[in-house]
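here's my sequence, what's the structure:
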Amino acid sequence: MEFDKVLARVRKLVTMAEAEIAPGATPDERQAALVEQQRARAMADALMLEYSIAEITADQARPASERQKPGILEIVMDDGSLSGWISTITTNLVHHCHCRIRKYTRYDRQQNAWIAKIYGFEADLRYFEILYTTIRLHMLGVLVPRVDSSQSLEENCYRLHNAGYNWLEIAAIYGWSKYNPFAHYDRDNYDVKNPWKHKKTEEVQPATQVGSRYKRAYERACRVRGEQPTQIPAGGSETFRHSAADGYVARISRRLREVERQREPGAELILRTRVLEDLDELFRQDNPDLYQEKPQTTAEEIPECQRCKRNKSGSCREHPLGRAWKPRPYSAAGYHAGVQHANSADLSPNKTTRGSARELAG
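I've put the predicted structure just below:
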């Protein structure tokens, strides 16, 4: 069966099972919908796996010179503050789709981003391409949202605050910034406490008044949904966003493993054999520097520093010990928000994202 026909069957499954859960759904209805979504993803993955097995079987019947060869796909790795989390998800998706990856192969100055290479067979690369683009765009949309001009102020504030932005950060997104009236000889606003100014209207207001405008809009959106407002401690918005990214990545990884556990062991063995025989050879040929033997340096060849030896700390200015590692601050509410976002991500291939990973890579 052609790969496009496989995707068509998968899209039908997604249409039946990926319906949006109504905001007023009961806990039982929401749980039933999540179970149905998981079933659709498993069936979509099974179809992709079945196609790959059939492709391997047909390929092995051909002469060696006519067999399918693996290829290479380039993707963008960097994306600002989420680059580390995107890198982790990319690695998990590569493993899920039976491909291989080398991160940060080159730096693209036109896009100001690092490029990674994905190695795999055509069907596996296209499957990865669709999943990667879908999850990456979804992750950026829910964790680093932007103001949507087609939505109301309440809807935008709801998305932005649930992504971890406090009221003044939301105000900055809407064009407000700190203002010093004394530096501009603006006598009319000398008495304004902690003034902020809008770049378009040039209106000057106290920070409390600016922030409360967006806080009230968020609370109105929560009342319409029948939800309790999310409380983010003062100065804790960055911790909230980092914890949300941790929760998102952890949940996506668990969802991928749940799908993989439903695969047939025999099918996995066939795919793994093809990876070992053909894909590893391409990876070695394209990355010879990774397989060069490096000279081993023994401890005897490293000269001992006499200053470090004399000091009680065991170090000197030329050989500092470095700072002690400290765990990153954690927000339980942020982690939970990230998990909820990841539960809404579609892990099934769909038509609208096909080919867009190449567009992202330029």
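
every contact and neighbour count from this point should use C-alpha atoms.
Noted.

tell me the pLDDT of residue 5.
Looking at residue 5, its pLDDT stands at 65.

low-confidence stretches in this protein?
Flagging of the chain using pLDDT under 70 yields the residue ranges 1-68, 263-277, 294-302, 348-362.

now the strands for it?
71-76, 100-108, 113-120, 176-178, 195-198, 204-206 (DSSP state E).

out of those strands, nearest to residue 291?
Distance to residue 291, taken as C-alpha to C-alpha, is lowest for strand 100-108 among the strands of the chain, at 13.2 Å.

in that closest one, what's buried?
Using 16 or more other C-alpha atoms under 10 Å as the test for burial, strand 100-108 gives 100, 101, 103, 104.

kindly report the same for stretch 112-132.
113-132.

just give me the neighbour total for the residue nearest to residue 198 when sequence neighbours are not counted.
Spatially, and ignoring its direct neighbours in sequence, residue 198 is nearest to residue 176 (4.4 Å; C-alpha to C-alpha, 6 or more residues apart in numbering). The tally of other residues near residue 176 (other C-alpha atoms under 10 Å) stands at 24.

separation between residue 176 and residue 69?
Computed as C-alpha to C-alpha, to the nearest Å, the residue 176 to residue 69 distance reads 55 Å.

next, the contact list for the residue nearest the centre of the chain, please.
Against the mean C-alpha coordinate of the chain, by C-alpha atoms, centre = their mean, the closest residue is residue 86 at 3.9 Å. Listed by C-alpha atoms under 8 Å, 6 or more residues apart in numbering, the contact partners of residue 86 are 77, 78, 79, 136.

quick check: residue 258 vs residue 123, distance?
Computed with C-alpha to C-alpha, the distance linking residue 258 and residue 123 is 21 Å.

care to break the protein down by domain?
Split into domains by automatic domain parsing, the chain comes to 3-147+240-290+330-361, 167-231.

nearest to residue 346, out of the strands of the chain?
strand 71-76 (19.9 Å).

list the buried ones in the closest one?
Within strand 71-76, the residues scored as buried using 16+ other C-alpha under 10 Å are 72, 73, 74, 75, 76.

check stretch 230-244 too.
Buried, per 16+ other C-alpha under 10 Å, within stretch 230-244: 230, 232, 236, 237, 238, 239, 240, 241, 242, 243, 244.

in helices only, show me the residues you listed.
Among the buried residues of stretch 230-244, the members found in helices (DSSP state H) are 237, 238, 239, 240, 241, 242, 243, 244.

OK, contacts around the closest residue to the fourth one other than its chain neighbours?
Of all residues not flanking residue 240 in the chain, residue 334 sits nearest, at 4.5 Å (C-alpha to C-alpha, 6+ apart). Contacts of residue 334 were listed using C-alpha under 8 Å, 6+ apart, and they are 164, 239, 240, 241, 242, 243, 244, 247.
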